[in-house]
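Engineer: fold the stuff below for me.
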Amino acid sequence: MAGKQRLYRISFMNQGQRYELYAREVSHGTMLGFVEVGKLVFGEKTSLLVDTSEERLKQEFADVDRFYVPVHAIVRIDEVKKAGPVRVIDGEGGSKVTPLPFYTFGSDGKK
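Structural biologist: The predicted model follows:
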């Protein structure tokens, strides 16, 4: 399996919405406190039905080679066998996941 490319499903919060995207590259990156995401994967057009959520995300990330998500905004990262639909879910989307408290790196909590 030397030539097999890994595929990841990344769920993260952005401006009160939960994004769920697929990518070939996910790492801790070089910026402290951020997860680096690259090589986004979008579904193939196999039917006449157009998913407006997916089209919106394709437009939003059209010129993006890689992007960085703050660690505290990550809900989940899974390695998967195949890509599913990319989507944006308003609010928490019924999620029972509680985000970790926000922490500023280098801060000792004192003012």
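
Engineer: all contacts plus neighbour counts: C-alpha atoms, from now on.
Structural biologist: OK.

Engineer: who does the longest strand anywhere in the chain pair up with?
Structural biologist: Counting by DSSP state E, the longest strand found in the chain is strand 17-27. Note on strand 17-27: by DSSP bridges, its sheet partners are strand 7-14 (antiparallel), strand 34-41 (antiparallel), strand 87-90 (antiparallel).

Engineer: now that strand: average pLDDT?
Structural biologist: For strand 17-27, mean pLDDT is 94.

Engineer: what does stretch 70-81 give?
Structural biologist: 94.

Engineer: that one: end-to-end distance?
Structural biologist: 25 Å (Cα to Cα, to the nearest Å).

Engineer: mind exporting the lowest-mean-pLDDT helix or strand in the chain as CSV, just the C-alpha atoms?
Structural biologist: Lowest mean confidence among the helices and strands of the chain (mean pLDDT, DSSP states H and E): helix 52-60, at a mean of 80. Provided in CSV are the C-alpha atoms of helix 52-60 (Å, rounded to 0.1, in the frame of the first residue of the first chain):
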residue,chain,number,x,y,z
THR,A,52,-25.8,24.0,-2.9
SER,A,53,-23.8,23.6,0.3
GLU,A,54,-21.0,21.8,-1.6
GLU,A,55,-21.1,24.4,-4.4
ARG,A,56,-20.8,27.2,-1.8
LEU,A,57,-17.8,25.5,-0.2
LYS,A,58,-16.1,25.0,-3.6
GLN,A,59,-16.4,28.7,-4.2
GLU,A,60,-15.2,29.7,-0.8
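
Engineer: how far off strand 34-41 does that helix point, in degrees?
Structural biologist: Here helix 52-60 runs at an angle of 110 degrees relative to strand 34-41 (axes from the mean of the first three to the mean of the last three Cα atoms, to 10 degrees).
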